[in-house]
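> when you get a sec, could you give me coordinates for this:
(one chain, ligands or ions: 2)
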Amino acid sequence: MINYLYQEQNWQSQLSDLITDPAELLDLLQLSQDEFLEGAKLAAEQFKLRVPRAFVGKMKAGDPFDPLLLQVLPHHLETEDHEGFVTDPLGEEQANQQPGVLHKYKSRFLLTLTGACAVHCRYCFRRHFPYQENLPKNEDWLNIQQYIQSQPDINEVILSGGDPLTLNNRKIKLWIERLESLPQLKFLRIHSRVPIVIPNRVDEELISILKNSRLRVILVVHSNHALELDDFTCHQLSKLVKAQITVLNQAVLLKGVNDSADVLVKLSSRLFDAGVMPYYLHVLDKVKGAHHFDRLPQDIDEIYKEVLANLPGYLVPKLVREIAGEKNKTPLFGVSTF
Ligand SMILES: *Cc1c(COP(=O)(O)O)cnc(C)c1O
Ligand code: SF4
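Numbers count the residues shown, from 1 in each chain. Ligands and ions are numbered 1, 2, ... in the order given. Have a look, this model is predicted:
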């Protein structure tokens with residue numbers, strides 16, 4: 001492990017000091033530039049490298065197959081075209097009615113406040129999505145409010161991204177207050193990977209904002225491997241849990257990263273150590289550039305069966321796929337449903 005003492009740096013300075021140069025990342029991890037740099041640069045032209053030092057600190061130096069590294073290091077395989085792997089696999093461009101708004105699911109409404117993420121995950125289905133063109137400004141709040149009011153079924157707003165926790169506490173608080181003013185809303189969900197990649201983001205002020213909201217807050221973090229959950233990260237997550245915030249995890253099944261029952265079982269156990277409940281295990285969205293993370297349905301089925309056999313039911317994440325145009329995530333049981 002590389003020790004950066006990231007625990008002592010505030011999250012904003014960590015966020016403004018991300019690693020974006022593949023050569024620096026390879027250097028830090030003592031990996032061969034000759035072998036990896038050219039491919040990394042090529043792939044980074046399509047989707048930039050972006051990773052916090054705190055996350056790199058959880059990687060093992062000298063290991064090109066480190067499961068955390070594989071999620072963030074651009075790879076030349078991303079530049080290959082593969083049949084069925086497209087730029088907008090979920091058809092979100094169509095569903096996008098107005099700035100920042102995505103309403104596909106009956107009671108839940110997705111609000112994108114920023115296109116920025118603290119980390120660029122190579123398999124992300126949003127790697128080609130033009131968020132920058134479609135973010136709500138303060139003036140857009142009136143329209144968003146009217147939209148929510150015109151849809152009485154909506155009782156939950158999901159802040160998604162980009163990553164909403166890259167915003168500062170003042171902005172988070174402002175948007176939460178706006179949402180709180182709508183009586184029909186009961187739940188506020190936040191989808192974020194920041195607590196995993198910059199655990200210091202979970203600061204006292206954020207905890208207090210979430211804890212004191214009228215809305216019931218559910219934070220869904222995104223961790224794919226137990227090695228992402230070192231003691232400090234778990235400590236930060238458990239602070240949220242102690243503040244009565246429901247913390248769930250979603251993971252993506254990724255070839256080379258967590259495509260074995262053993263790794264997935266360890267992930268669930270480690271999450272539970274921190275008081276976090278496994279929620280979803282997504283199969284990969286078929287996004288252009290992510291083909292090398294894909295596994296065959298029958299392999300996934302086998303892995304998942306073994307996970308089921310080795311964990312208590314409450315620690316088994318639901319295996320799901322997102323299908324364009326469907327009204328909810330589709331659970332997968334057995335190969336036939338793939
Ligand atoms: C996944 C998703 C949700 C939330 O779905 P849950 O099954 O409630 O977690 C809401 N809106 C969109 C567009 C989504 O992709
Ligand atoms: S943090 Fe989430 S939205 Fe951002 S790149 Fe990773 S998977 Fe995609």
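> near ligand 1, which residues of the stretch 51-200 of the chain?
Counting by Cβ under 6 Å from any ligand atom, the residues of the stretch 51-200 of the chain close to ligand 1 are 102, 104-105, 108, 110, 158. Where C-beta positions appear, they are placed from N, C-alpha and C, glycine not excepted.
> widest-spaced pair of the residues you listed?
Spanning the widest gap among those are 104 and 158, at 10.7 Å by Cβ to Cβ.
> low-confidence stretches in the protein?
Low-confidence segments of the chain (pLDDT under 70): 1-4, 93-97, 130-134, 334-338.
> the strands in it, which residues?
Taking DSSP state E as the test, the strands found in the chain are 101-102, 108-112, 156-160, 187-192, 216-222, 246-252, 277-282, 318-321, 330-331.
> in JSON lines: those strands, plus distance to ligand 2 and mean neighbour count.
Output for those, formatted as JSON lines (distance: least, Cβ to the nearest ligand atom, whole Å; neighbours: other Cβ atoms under 10 Å):
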{"stretch": "strand 101-102", "distance to ligand 2": "13", "mean neighbour count": "19"}
{"stretch": "strand 108-112", "distance to ligand 2": "10", "mean neighbour count": "21"}
{"stretch": "strand 156-160", "distance to ligand 2": "8", "mean neighbour count": "21"}
{"stretch": "strand 187-192", "distance to ligand 2": "8", "mean neighbour count": "22"}
{"stretch": "strand 216-222", "distance to ligand 2": "6", "mean neighbour count": "21"}
{"stretch": "strand 246-252", "distance to ligand 2": "7", "mean neighbour count": "21"}
{"stretch": "strand 277-282", "distance to ligand 2": "10", "mean neighbour count": "20"}
{"stretch": "strand 318-321", "distance to ligand 2": "15", "mean neighbour count": "18"}
{"stretch": "strand 330-331", "distance to ligand 2": "19", "mean neighbour count": "12"}
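> tell me which parts of the stretch 51-200 of the chain are close to ligand 2?
Near ligand 2, when you scan the stretch 51-200 of the chain using Cβ under 6 Å from any ligand atom, you find 117, 119-121, 124, 126, 161, 163, 193.
> nearest to ligand 1, of these?
residue 126 (10.7 Å; Cβ to the nearest ligand atom).
> what sits in contact with each of residue 104 and residue 158?
residue 110 (Cβ atoms under 8 Å, 6 or more residues apart in numbering).
> ok, back up a step: want to throw the strands of the chain into TSV with distance to residue 69?
Listed next are the strands of the chain as TSV, based on distance: least, Cβ to Cβ, whole Å:
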stretch	distance to residue 69
strand 101-102	31
strand 108-112	28
strand 156-160	25
strand 187-192	21
strand 216-222	17
strand 246-252	16
strand 277-282	21
strand 318-321	25
strand 330-331	31
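> out of those strands, nearest to residue 84?
Residue 84 lies closest to strand 318-321 among those, at 13.4 Å (Cβ to Cβ).
> show me what the closest one is packed against.
strand 277-282, strand 330-331 (3 or more Cβ pairs under 8 Å, 6 or more residues apart in numbering; DSSP states H and E).
> of all those, which lies closest to ligand 1?
Short answer: strand 277-282, nearest of the helices and strands packed on strand 318-321 by Cβ to the nearest ligand atom, at 6.9 Å.
> could you give the separation of that closest one from the chain centroid?
In terms of Cα atoms, centre = their mean, to the nearest Å, the centre of strand 277-282 is found 11 Å from the chain centre.
> just the buried positions in stretch 231-239, please.
Of all the residues in stretch 231-239, those buried under the rule 16 or more other Cβ atoms under 10 Å are 233-234, 236-239.
> now for those, which pair is the farthest apart?
Counting by Cβ to Cβ, the most remote pair of the buried residues of stretch 231-239 is 233 and 239, 11.1 Å apart.
> for residue 51, give its distance to residue 264.
Residue 51 is 23 Å from residue 264, where distance means Cβ to Cβ, to the nearest Å.
> of these two, who's got more company?
Using other Cβ atoms under 10 Å, the more surrounded residue of residue 51 and residue 264 is residue 264, with 27 against 22.
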